[in-house]
Each structure stands twice: as structure tokens, then as C-alpha cells.
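Participant: Fold the following, please.
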Amino acid sequence: MSGKASIIIIRKKGEHAGHHGGAWKVAYADFVTAMMALFIVLWLMNSSKQIQDAVGGYFKDPTGTAKKVGSDMVGSGENFVVSKDNMEKLKEQLQKAIRQVPDFNKLKNHIDMTVTNEGLRIELTESATGTFFDEGSAKFNVDGQELLFALAAELGKLPNKIYVEGHTDATPYSRGSNYTNWELSTDRANDARRLLQSHGVGPDQVEQVRGFADMKPRVAGHPFDPANRRISLIVKYLEKTPGGDSEKSGAGEPANPADATSGNTSAPNSEKSPPPAASKDEKK
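Facilitator: Residues are numbered from 1 along each chain as shown. This next block holds a predicted model:
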């Protein structure tokens, strides 16, 4: 035998850690699901404005209860009543909705909401250069349309009846024209009605369309003030009765029935012919 001792090397195999299980798969699946949801939302946000508003509204109010204005019946959906006691809540909800309208900062000084004996009165007033209407036109411009669409989306959820009024200032049309402030005020009110009903307001919800010309100025003593040119929406009160389904309209019916017109009818003695081209002397 050799004098050298043999060297024995012992290698120990490391033990494998215990089985990790499938927890990581669950976490990974949750991550993938969250990423998919994110991409779907981003895709929807590039869609139409109506879809954007719907998606944004869900994240602001997932349960859908915030828009039940004045409701004391949880889960009752749209079958609730806006009465004199909670009309202020409707006013706040509408003010919140119209803040989302493009160019709201440009329009806000021409939007006035007031709780009256008749109901909630929403007035859209004109400026000297025009705010909601183009010069000589009975049709709402883009800003006016966007505002009415936002209002219609909220008002259409209510059972309350709505009156639509058109008003002008005292500036007459050019002499010899058959188209007067009566026709203009009624045509503008009817255009408001059409826009409201095309974006959420029910077909039977608009109860009256009124054209007052310059008979009821907003700025008393200043008949030519541009603020007298306006569209007014009146959301009528509804009151619960002990019997249940019956309802009573709020105060403020027209003193003279001839002042009110229904549906598409025009103001008294107005002609149905289309308006002539506006001249320099015609009102805005």
C-alpha cells in the first residue's frame, strides 16, 4: 500500500424546496384580467362622447343610486317624485351635469336655475352677440345643443312634466316681414323641445310649448336688453297624494289659456311659413 491516504469527496445533493402550489397562477390571472379591463376602458374612452359619459358615470357611481334625485324609495328605479321639498336636489344634480358640457365656462353666465312656485325654472339667456343661437336663426347652435342634450339626459329620468317657453326682446323684424317675434319665440321653443325629446325626454313629458315674443321681459324696464331673448324650461312639481298614483301639478298655470300652446303648435295668429332671410335690421 501506498503511504498516501485516499481522499474521499462526499457531495450532498441539495433538497428541493417544497411544492409552491398554484397561488402564483391565481395572482397572474388576476393581473391579466385587470390589464384586459384597462385596455377595454381605454378603447371605450376613444368611442363616442355618449359612451365616454356612460363609462365615466359608472366609475363615479357604480351602484347607480346617485342620480335618484329626491327619491325616498331605494331600488325604485325611475319611479320617484320630485316635489317641492326636494326640487333643490334636482337643481344641484342638473348643475353638476351641465358642468361636463364643452365650453361650459363660456356659457355658465347665461344659465340660470331658480326654484319657483311653478317648479324648477331653467333659463338660457342670450348675449348681444348670441350665445345659444346664431344671428337670425331659430335653431340652436352647437353650444346650445350640447347643453340641451345634457339636460335631457337628466330630465328624461323624471316623471315630471316640462313646459318650454320662448322669449324675445322688443327689437322688431324689418318692416314688411311676415315673420315676427311671435314666430321666432315659438320656433325656438319648438326647436328646444325637439332636441330634448331626441336625447332622453319622453314623448309625453313636454306638456306645453309657449311663445311669448317680448311680452314677458326678463329685465323689466329694459325691453331691448339681450337677456330678454331666452329659452325657459320649467320642470313642474309633482306631489304624492295619500291615494298613491294620482298626482297634482304645482302652482303657476298660465293665467290666460291662450298664452300656452301644446306640442308643435305656434303662438296665436302666427303664420306657418318659413322665416325669410335675416336682414341687418332683424333681431339676433
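
Participant: count of neighbours near Lys216?
Facilitator: Residues lying near Lys216 (other Cβ atoms under 10 Å) number 15. Bear in mind the C-beta positions are built from the backbone N, C-alpha and C, glycine included.

Participant: which ones are touching it?
Facilitator: By Cβ atoms under 8 Å, 6 or more residues apart in numbering, the residues touching Lys216 are His167.

Participant: Name the SS class of it, please.
Facilitator: Using DSSP: H, G, I helix; E, B strand; the rest coil as the criterion, the local structure at Lys216 reads coil.

Participant: What values do phi and psi take at it?
Facilitator: The phi/psi pair for Lys216 (degrees, to the nearest 10) reads phi -130, psi 80.

Participant: next one: Lys139
Facilitator: Per degrees, to the nearest 10, the backbone of Lys139 is at phi -100, psi 140.

Participant: That one against Leu148, yeah?
Facilitator: No: taking contacts as Cβ atoms under 8 Å, Lys139 lies outside contact range of Leu148: 11.6 Å.

Participant: Between those two, which has more neighbouring residues?
Facilitator: Taking other Cβ under 10 Å, Lys139 and Leu148 do not tie; Leu148 has more neighbours (28 against 14).

Participant: gap between the more buried one and Asn117?
Facilitator: Counting by Cβ to Cβ, to the nearest Å, the gap from Leu148 to Asn117 is 25 Å.

Participant: Same check on Phe133?
Facilitator: Going from Phe133 to Asn117 by Cβ to Cβ gives 29 Å.

Participant: Leu151: what secondary structure?
Facilitator: helix.

Participant: That one and Lys96 touch, don't they?
Facilitator: No: applying Cβ under 8 Å, one finds Leu151 not in contact with Lys96, separated by 11.8 Å.

Participant: Between the two, point out the one with more neighbours.
Facilitator: For Leu151 versus Lys96, neighbours defined as other Cβ under 10 Å are more numerous around Leu151 (26 against 13).

Participant: So for the more buried one, what pLDDT did the model give?
Facilitator: Note for Leu151: predicted pLDDT of 93.

Participant: Check Ile7 too.
Facilitator: You'll see Ile7 listed with a pLDDT of 76.

Participant: In three-state terms, label it for me.
Facilitator: coil.

Participant: so where do the helices sit in the stretch 1-150 of the chain?
Facilitator: Ranges of helices in the stretch 1-150 of the chain, per DSSP state H, counting those that start in this stretch, are 23-45, 49-60, 87-98, 104-107, 142-155.
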